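> below is the sequence, then the predicted model.
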Protein chains: 2
Amino acid sequence: MHRKSVQDDKGYFANLLRQAGYKATAGRIGLLKLLKNSGKPLSIQELAKKLSEVKIDQATIYRVLTVLEEIGVVRQVNLLHGHADYEFVREDDHHHLICTKCRRVEDVAGCDDGVTRQVLRRSTNFAAITQHSFEFFGICKSCARK
Amino acid sequence: MHRKSVQDDKGYFANLLRQAGYKATAGRIGLLKLLKNSGKPLSIQELAKKLSEVKIDQATIYRVLTVLEEIGVVRQVNLLHGHADYEFVREDDHHHLICTKCRRVEDVAGCDDGVTRQVLRRSTNFAAITQHSFEFFGICKSCARK
DNA sequence: ATCACTGCAAAGTCTTTGCAGTTCC
DNA sequence: GGAACTGCAAAGACTTTGCAGTGAT
């Protein structure tokens, strides 16, 4: 049932971590839940603020995110904001549309993965493409009115 | 003639700056020439090192790059290296393929601009898209061998 | 009980800012 | 000459690291 999803996530995330050889700690699971439920990329500061339930140090947040990135559940995004943002890895490929004035972020439907295959085929020096990042920058309507 | 292009650049860049309302200083022109001739995105450190002919402070480099970005001759690129890189804006749209091990950067042919138009059309909240950044991350053949 | 993990504090990068002196127009 | 620009030094933001104590298995 949908109502139970948060509880289920906790167990699911715990297993995920253990199977990858990491311990299932409150901080790691808390951050994973936050990122999953956020729906948009979050900065370290935002993560620290929103994780008020669990006490966690900023240094630990950085270390946890490095681990989560390694496992492949989280990825780093750069929206030219002067710091890294992190987002939960979803099934569907998607990208971002960022307002350069107010920093609002909107999701954009993903490209079909024929694109990356084509890029790899055309390159003579690369053996594999492991990830890609497509970001669009512009002005949102609300900022355009001002 | 091709041999004269560097000289010509100097005058061209000077005019460009003046027409945009900025003064044509040695540092600004030097950085522009560097970026134009580099062919790949450069970090502030690389720019400082390569601009040995002209004495320039790092703080000034940051300020100059902000100006050049405003004018639209240079753009900031983020290759997930923990710092910003800057590259000369060329006529042809192009993107990057970055080796996550050795940081080698290769150019990738640009997407046709139907892509950004389509993204804008599909968004309900955005009024314009002013730029986009597509980066591909992977492993180059030389790193794959190791 | 053991080893991984975390908090705390310190240090390391990258970037911005204030101000006085210099340069371009 | 005057406003714009730069160097220098200091501060600010973001991120990493060392070490001793804590917690998961």
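Perfect, thanks for sending it.

> next, A:S38: phi, psi?
Backbone torsions of A:S38, given as degrees, to the nearest 10, read phi -70, psi -40.

> and stretch A:88-106 with chain B, contact?
Yes: for a cut-off given as CB under 8 Å from any CB of the partner chain, stretch A:88-106 has contacts with chain B, namely A:L97, A:C99, A:T100, A:R104, A:E106. C-beta: built from backbone N, CA, C; applies to glycine.

> farthest-apart pair in these, please.
Using CB to CB, these reach their maximum pairwise distance at A:T100 and A:E106, which is 12.8 Å.

> chain center to the helix or strand bottoming out on mean pLDDT in chain A, what's the gap?
Lowest on mean pLDDT, DSSP states H and E among the helices and strands of chain A sits helix A:5-19, with a mean of 87. Counting by CA atoms, centre = their mean, to the nearest Å, helix A:5-19 is centred 17 Å from the centre of its parent chain.

> what's next to it, contact-wise?
By CB atoms under 8 Å, 6 or more residues apart in numbering or on different chains, the list of residues contacting helix A:5-19 from outside reads A:K23, A:A24, A:R28, A:I29, A:L32, A:K33, A:K36, A:N37, A:I71, A:V73.

> and the buried ones among these, selectable in ChimeraX?
Selecting only the buried entries of the contacts of helix A:5-19 in ChimeraX, with 16 or more other CB atoms under 10 Å in any protein chain shown as the criterion:
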select /A:28,29,32,33,36,71,73
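
> thinking again about what came up before, and the residues of stretch A:88-106 next to chain B, which is closest to A:H83?
For the residues of stretch A:88-106 next to chain B, the nearest to A:H83 is A:T100 (15.6 Å; CB to CB).

> tell me who's in contact with the closest residue to A:A26 other than its chain neighbours.
Leaving aside its sequence neighbours, A:A26 sits nearest to A:V54 (CB to CB, 6 or more residues apart in numbering or on different chains; 5.1 Å). Residues near A:V54 by CB under 8 Å, 6+ apart: A:A26, A:G27, A:G30.

> ok, now with 10 Å
A:V54 makes contact with A:T25, A:A26, A:G27, A:R28, A:I29, A:G30, A:L31, A:K33, A:L34 under the criterion CB atoms under 10 Å, 6 or more residues apart in numbering or on different chains.

> looking at the residues you listed, which are in helices?
Using DSSP state H, the subset of the contacts of A:V54 located in helices is A:A26, A:G27, A:R28, A:I29, A:G30, A:L31, A:K33, A:L34.

> ok, the first one to chain B distance?
Which is A:A26. Between A:A26 and chain B the computed distance is 28 Å (CB to the nearest CB, to the nearest Å).

> do the third one as well
Plainly put, A:R28 is 22 Å away from chain B if you go by CB to the nearest CB.

> confidence score at A:Q58?
At A:Q58, the model reports a pLDDT of 97.

> quote the end-to-end distance of stretch A:65-79.
Stretch A:65-79 has an end-to-end distance of 17 Å (criterion: CA to CA, to the nearest Å).

> most centrally placed residue in chain A?
A:E87 (1.1 Å; CA atoms, centre = their mean).

> three-state assignment of that residue?
strand (DSSP: H, G, I helix; E, B strand; the rest coil).

> shouldn't it be in contact with A:E135?
No: A:E87 is beyond contact range of A:E135, at 11.9 Å (criterion: CB atoms under 10 Å).

> hmm, back to that, farthest-apart pair in the contacts of helix A:5-19, please.
With CB to CB as the measure, no two of the contacts of helix A:5-19 lie farther apart than A:K23 and A:N37, at 22.4 Å.

> what's the burial count for A:D92?
7 (other CB atoms under 10 Å in any protein chain shown).

> now do the one 10 residues further on
Other residues within reach of A:C102, judged by other CB under 10 Å, total 12.

> ditto for A:R121
The tally of other residues near A:R121 (other CB under 10 Å) stands at 9.

> what sits against it?
Contact analysis of A:R121 by CB under 10 Å, 6+ apart lists nothing.
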